[in-house]
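A.B. asks: All I have is the shape, not the residue letters:
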């Protein structure tokens, strides 16, 4: 399950008065740091060969690894920090830094900063929502039929678009 989902759910509960938001933040930050350090070790000691062999199980292809390495080479430590907020890079963050032989203390510093920022953003959003969960639930309940209709219309439009494109390709 994506980390954002678990973190937001825990923060919503904290906002509703269940666990402490500080505990949620500390645990989430430590989990993010440890997870990326495991990836760093796999990339550092296993190298590209191991990453490419096992990467196929998580969608990390040779092309994606090259793109990520280019991104990390271009932006250095800022890439480690910012990777948390870019789709697909949080899972590869430590692995790519390890394969590129980024010095571990440098990786740890930028990874810790990124984890703290990432947890801060998502935990704050969840905590604020948890404090207003009744109002949010009432609003969602009130407009859920309209949202369902909008989703059905959007889905129908996408299906029609795909069918039209298919027939146009066949005509060519």
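C.D. replies: Nice, thanks for sending it over. What you are looking at is a predicted structure, and each value in this text was computed from that prediction instead of being measured.

A.B. asks: So for residue 9, what's the nearest residue that isn't a sequence neighbour?
C.D. replies: Excluding the flanking residues, the one nearest residue 9 by C-beta to C-beta, 6 or more residues apart in numbering is residue 126, at 7.1 Å. All C-beta spots, glycine's among them, are computed from the backbone N, C-alpha and C.

A.B. asks: Hmm, I typed the wrong one, I wanted residue 72.
C.D. replies: residue 79 (4.6 Å).

A.B. asks: next structured bit after the helix or strand where the one you found lies?
C.D. replies: Residue 79 belongs to helix 77-82 when elements are defined using DSSP states H and E. The helix or strand immediately downstream of helix 77-82 is helix 89-99, counting by DSSP H and E.

A.B. asks: Please list the residues outside that following helix that contact it.
C.D. replies: 3, 35-48, 51, 55, 58, 60, 64-65, 68-69, 71-72, 80, 83-84, 107, 111, 114, 118 (C-beta atoms under 8 Å, 6 or more residues apart in numbering).

A.B. asks: Just the buried ones from these, in ChimeraX syntax?
C.D. replies: Only the buried entries of these go into this ChimeraX selection, using 16 or more other C-beta atoms under 10 Å:
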select :3,35,36,37,39,40,42,43,44,46,48,51,55,60,65,68,69,71,72,80,83,84,107,111,114,118
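
A.B. asks: when you check the contacts of helix 89-99 against the strands, which ones overlap?
C.D. replies: Taking DSSP state E, every one of those sits outside strands.

A.B. asks: re earlier: what about the helix or strand hosting the residue nearest to residue 9, distance to the chain center?
C.D. replies: Under the criterion of DSSP H and E, residue 126 resides in helix 104-131. Taking C-alpha atoms, centre = their mean, to the nearest Å, one finds helix 104-131 lying 12 Å from the centre of the chain it belongs to.

A.B. asks: What about the residue nearest to residue 9, how many residues nearby?
C.D. replies: Residues within reach of residue 126, counting by other C-beta atoms under 10 Å, total 24.

A.B. asks: how is this protein carved up into domains?
C.D. replies: What automatic domain parsing lists as the domains of the chain is 3-131, 134-172.

A.B. asks: how many neighbours does the residue nearest to residue 72 have?
C.D. replies: Residue 79 has 24 nearby residues by other C-beta under 10 Å.

A.B. asks: ok, it touching residue 67?
C.D. replies: No. Counting by C-beta atoms under 8 Å, residue 79 sits too far from residue 67 to count as a contact (11.8 Å).
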